[in-house]
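Chemist: With the sequence up front, the predicted model follows.
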Amino acid sequence: MQYKKKIIENLYKISSPERYTGNEWNSINKEWQPARLKVALAFPDVYEIGMSHLGLKILYHLVNREENMLAERVYAPWQDMEDLMKEEEIPLYTLESYHEIKDFDILGFTLQYEMSYTNILNMLDLSGLSIYAADRKEEDPLVIAGGSTVFNAEPIADFIDLFFVGESESLIIELLNEYKNLRAEGLKKTKILKRLNKMPGIYVPSLYSEEYGDNGEILALNSAAGVKKRVKKQVVTNLDQAFYPTDFIVPYRDTVHERVVLEISRGCTRSCRFCAAGMAYRPVRERSVERLMELAEKALKSTGYDEISLTSLSTVDYTEAKKLVQAMTERFSDQKISVSLSSLRVDKFSVELAEEVNKVRKTGLTFAPEAGSQRLRDVINKNISEEEIYSAARSAFENGWSQIKLYFMIGLPTETMEDVKAIADMAQKIKDIGQEVRRNTKKRMRRIEVSVSVSTFVPKVFTPFQWHQMDDVATIIKKHDYLRANIKGRSFSFSWNDPELSRLEGVLARGDRRLSAVIAAAWKKGSRFEGWHECFEPRIWGEAFRENNIQPEEFLRERGKEEIFSWEKLDIGIPKSFLLKEYQNAYNEVLIDDCRLGDCHGCGVCGNFEVDLELVGGKSSEL
Amino acid sequence: MVKAVNYRIKFAKLEDLMYISHLEVIKTLRRIIRRAELPAAFSQGYNPRINLAVGPPLAVGLISRGEYFDLELTEKMAAEKLIEKLNSVSPEHLKFIKAVAIPDDIRSLSSLLDTAIYTINFEYEKEKTIEQEKEMLEEFMNEKEIMIIRHRRKKSDREIDLKTRIFSAEITEKNKWKFAVVTGSRGNVRPEELNRALKDKYSEIKDFSPLQVIREGVFVRDGEEFYPPYAEKFIGS
């Protein structure tokens, strides 16, 4: 059913009604022909967050390109909208046609962070669907999920019918077509799921199970008869020619990214040992300058945006970074289009690039040294020296930037209070450099501001640190207290994450299937939007763990070398032995370099997927 | 330096976009102008933007058939062509209606526009004839004062008199009440306040949703008459 009139009549009662009305430029409202497979693409957070997610943009246009399919969007309603929907008996609906979710064949969730799991349950419930996959009916939409936290989606395994593992451009259309065909054959859902599980990258959790020991450790991972043991992630090859949309939806409301977003490359082989994305999205694949220029041109024309954002895991590592940035600024500056860069490294080349795009307006510049001491940066394989950091900072100040933002982590393996102190020392030294440059320059320069942002390290699956014990809350607080006391004064600002929230993220990030019951309990008690500071209530989660007899600490502990992990049902192409060797290298402070620049370290991805690095500037770059 | 040409453009914001705020409309207009690839003039400074001036804000949740903005172009263009180009890259419910070339020294929209005309579609507990409605309206308009509490965001409530803020009112057809009220720098009346004031007097009027209101547009008042801001008398010879 469609509920447009009832919705429109009532929206004036809530805040930000334009989150729920759609009708944006470039949104696609295809006709509801019976022959079309109807896909609802769901993002388990509010509109303005979901609208900025690149993966979802790609999927939306990819599916809508198909004649026999249509895709529409739905985001998590904020609390006031949830109340209104319940009061007025409005089910969850999509922004294009205002059809309720039950009218769709497929409901697909994007998994971007662990803190949105209760929102998934809430969206299922508001759709009138049972939260448990096993309880849903034959005619209910198939609930699928994919995205960056799919690599450990075990905590939500009970709620989802099917996961897509890896990069969706590669296989999603085949999956949807196959589903359509199997439905047309009149097969039952369980049969269909079993058939779909045969496709590469498809993981049907109900066909797998876990056995636990007395101490909560996993004894075995089991799969049903005739079902593949492990699910291999899917990778796009020839990214340059892969589908990329240019007719982005243009929201009315302020969203996180109001600009043309161009993914210049995918993957990163810097091998930072804490980084989940760096392991999960290998190998590095780049788009060509020509292709990017063509995409930029089309997207600007189609959207009317005045900004282009070049995005990737590490922008300066793009082999033709300078050429691309110069071409962009040259081509678009007379239209007053600005170019912005994300994920800069802490080096002089980054400052040079930033200078190129910010010739006039100098806002802030962000650097991520990640750790304060050189020893700890070596532990995480950050591959930046103290000297490089200070010279990059100096060069930024000399080029007119006065605000610098620094990102660090606390709780990394082997960290001592000495390393924490090194964070404060580094911030202090960078401020001193800034003030010295400001004193000696003839140019006008604003007051130096250094903002230090410290997040708590959460060990992630399929990284060398997946074995590591996460800091407990008391330790995190002690480190925060130290930094707060030592990073103060007019020139500094200091921000940190809620330690309780980091702890929950830590539990979910390396959790297993037993957590489904906990998540369901927390949701039933009213927990939503945990990622929003004002919404997170640790008390509710505490109760949810207790009622289900689960010790959260079990999931935060140091893992044994021989232990079986819940997430090993999946295969990201990197053998455990490589990760373990890297974990040992961390303790020995042994660095490995980027395989783009030198030797292969045997992570195994290229061989396992029969792929290769796709570098448009060739392997020997100027770096 | 290129000689700039200014246009005063009338547009409508209809049902699908009724919840879009004033600032969001401005942002949307800038993007439409870019999509239309018009030779727009930019402001000077570090953060150049398309030169655009809008009239008094239209509240979130309201539909309007006649809003205005001024746009500066670096070259001359036929007004019809301009409207056609804008409409070709605009959401269906943001419609451009008319463009008129205006001189540099014309009074700004915000200083000219002082009147908003609303049509409110009332519903009653028991149906009324148009004669009964006309009687109600006359009685209402003959009040010495029409006091109402104004709720203000993040500020304390305040009592205001609607009487001095309503220029004229009539019943145009059955159930349709048309009010011309003050808007802009000299004050403002919200349709919801008109509804409340009437409900205070006539309890049989039903609760009201924003879909029952249409802003016919904003105008310039001259005595008993209401003119569009690009009327001959403002443009000069």
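Modeler: Nice, thanks for sending it over.

Chemist: who does the helix or strand containing A:M409 pair up with?
Modeler: Assessed by DSSP states H and E, A:M409 sits inside strand A:403-410. If you go by DSSP bridges, strand A:403-410 pairs up with strand A:365-370 (parallel), strand A:449-456 (parallel).

Chemist: longest helix of chain B?
Modeler: Of all the elements of type helix in chain B, the one with the most residues (DSSP state H) is helix B:22-35.

Chemist: is it anywhere near chain A?
Modeler: Yes - using Cβ under 8 Å from any Cβ of the partner chain, helix B:22-35 reaches chain A at B:E24, B:K27, B:T28, B:R30, B:R31, B:I32, B:I33, B:R34, B:R35. In this view, the C-beta of every residue, glycine as well, is placed from N, C-alpha and C.

Chemist: So which residues of the stretch 301-450 of chain A form helices?
Modeler: Assigned by DSSP state H, counting those that start in this stretch, the stretch 301-450 of chain A shows helices spanning A:321-332, A:348-357, A:374-379, A:386-398, A:417-440.

Chemist: Out of those helices, which gets the lowest mean score?
Modeler: Comparing mean pLDDT across those, the weakest is helix A:348-357, with a mean of 80.

Chemist: does A:L262 count as helix, strand or coil?
Modeler: Here A:L262 is recorded as strand under DSSP: H, G, I helix; E, B strand; the rest coil.

Chemist: Once you drop chain neighbours, what's closest to the residue of chain B found nearest chain A?
Modeler: Closest to chain A within chain B is B:R31: 3.2 Å, counting by Cβ to the nearest Cβ. Leaving aside its sequence neighbours, B:R31 sits nearest to A:G304 (Cβ to Cβ, 6 or more residues apart in numbering or on different chains; 3.2 Å).

Chemist: Get me the contact residues on chain B for chain A.
Modeler: Contact residues, chain B versus chain A (Cβ under 8 Å from any Cβ): B:15-21, B:24, B:27-28, B:30-35, B:37, B:42, B:46-49, B:60-61, B:89-93, B:209-211.

Chemist: ok, of the residues you listed, which come out buried?
Modeler: B:15-21, B:24, B:27-28, B:30-35, B:60-61, B:89-91, B:209-210 (16 or more other Cβ atoms under 10 Å in any protein chain shown).

Chemist: rewinding a little: could you export the residues of helix B:22-35 next to chain A to TSV, including columns for pLDDT?
Modeler: Formatted as TSV, the residues of helix B:22-35 next to chain A follow (pLDDT from 0 to 100):
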residue	pLDDT
B:E24	96
B:K27	96
B:T28	97
B:R30	97
B:R31	97
B:I32	98
B:I33	98
B:R34	97
B:R35	98
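
Chemist: Contact partners for residue 126?
Modeler: Since you didn't name a chain, this refers to chain A. Listed by Cβ atoms under 8 Å, 6 or more residues apart in numbering or on different chains, the contact set of A:L126 reads A:P77, A:E82, A:M85, A:P91, A:L92.

Chemist: switch to chain B, that's the one I care about
Modeler: Contacts of B:K126 (Cβ under 8 Å, 6+ apart): B:E204.

Chemist: Pretty sure it sits in a helix.
Modeler: No - assessed with three-state DSSP, B:K126 is coil; it does not lie in a helix.

Chemist: pretty sure B:N188 contacts B:V182?
Modeler: Yes - B:N188 lies in contact with B:V182 (Cβ atoms under 8 Å); the separation is 6.7 Å.

Chemist: Find the residues that touch each one of these two.
Modeler: With Cβ under 8 Å, 6+ apart as the test, B:N188 and B:V182 both reach B:R165.

Chemist: For A:G411, give me phi and psi.
Modeler: phi 90, psi 10 (degrees, to the nearest 10).

Chemist: got any ranges where chain B has weak pLDDT?
Modeler: B:1-2, B:237 (pLDDT under 70).

Chemist: Helices of that one, start to end?
Modeler: Along chain B, the stretches classed as helices by DSSP H are B:22-35, B:79-88, B:109-112, B:130-141, B:191-201, B:232-235.

Chemist: Indicate which one of those helices is closest to B:F226.
Modeler: The closest of these to B:F226 is helix B:109-112. By Cβ to Cβ, the value is 11.7 Å.

Chemist: Show me the contact partners of the closest one.
Modeler: Taking Cβ under 8 Å, 6+ apart as the rule, helix B:109-112 contacts B:8, B:53-56, B:68-70, B:184-185, B:220, B:229, B:234.

Chemist: residue contacts, the nearest residue to B:R49 once chain neighbours are set aside?
Modeler: Nearest residue to B:R49, sequence neighbours excluded (Cβ to Cβ, 6+ apart): B:S43, at 5.1 Å. Neighbour list for B:S43: B:R49, B:I50, B:N51 [criterion: Cβ under 8 Å, 6+ apart].

Chemist: Pop out the phi and psi values for B:S43.
Modeler: The phi/psi pair for B:S43 (degrees, to the nearest 10) is phi -70, psi 160.

Chemist: For A:T94, which residues are in contact?
Modeler: Residues counted as contacts of A:T94 (Cβ under 8 Å, 6+ apart) are A:G22, A:A40, A:E72, A:R73, A:V74, A:I101, A:F104.

Chemist: count of neighbours near the closest residue to chain B within the stretch 151-300 of chain A?
Modeler: Taking Cβ to the nearest Cβ as the measure, the stretch 151-300 of chain A has A:Y252 as its residue closest to chain B, at 4.4 Å. Neighbours of A:Y252 under the rule other Cβ atoms under 10 Å in any protein chain shown: 24.

Chemist: Just name whatever secondary elements the helix or strand of chain A with the lowest mean pLDDT is in contact with.
Modeler: One helix or strand of chain A scores below all others by mean pLDDT, DSSP states H and E: helix A:348-357, with a mean of 80. For helix A:348-357, the elements it packs on are helix A:321-332, strand A:338-341, strand A:365-370, helix A:386-398, judged by 3 or more Cβ pairs under 8 Å, 6 or more residues apart in numbering or on different chains; DSSP states H and E.

Chemist: Quick one, which of the ones you listed gets closest to A:Q112.
Modeler: With Cβ to Cβ as the measure, strand A:365-370 is the member of those nearest A:Q112 (19.6 Å).

Chemist: contact partners of the longest helix of chain B?
Modeler: Under the contact criterion Cβ under 8 Å, 6+ apart, helix B:22-35 has outside partners A:18, A:25, A:250, A:252-254, A:300-306, A:335, B:13, B:17, B:20, B:40, B:49-50, B:52, B:54, B:57-60, B:67, B:69, B:71, B:86, B:89-91, B:94.

Chemist: Throw together a ChimeraX command that grabs the buried residues out of these.
Modeler: Typed into ChimeraX, the next command selects the buried ones out of the contacts of helix B:22-35 (criterion: 16+ other Cβ under 10 Å):
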select /A:18,25,250,252,253,300,301,302,303,304,305,306 /B:13,17,20,40,50,52,54,57,58,59,60,67,69,71,86,89,90,91,94
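
Chemist: Among the contacts of helix B:22-35, name the ones in strands.
Modeler: B:K13, B:L52, B:V54, B:E67, B:F69, B:L71, B:L94 (DSSP state E).

Chemist: Which members of those residues define the maximum pairwise distance?
Modeler: Using Cβ to Cβ, the pair of those lying farthest apart is B:K13 and B:L71, separated by 16.5 Å.

Chemist: okay, now the domains of chain B?
Modeler: Following automatic domain parsing, chain B resolves into domains at B:5-111, B:115-226.

Chemist: of all those domains, which gets the most neighbours per residue?
Modeler: Comparing the domains of chain B by mean neighbour count (mean count of other Cβ atoms under 10 Å in any protein chain shown), domain B:5-111 ranks first with a mean of 18.

Chemist: buried ones in the helix or strand where A:I173 lies?
Modeler: According to DSSP H and E, A:I173 maps onto helix A:172-184. Under the neighbour-count criterion of 16+ other Cβ under 10 Å, helix A:172-184 has A:I172, A:I173, A:L175, A:L176, A:E178, A:Y179, A:K180, A:L182 buried.

Chemist: Would you agree the residue nearest to B:R31 is in contact with A:D247?
Modeler: No - using Cβ under 8 Å, A:G304 is not in contact with A:D247, being 11.5 Å away.
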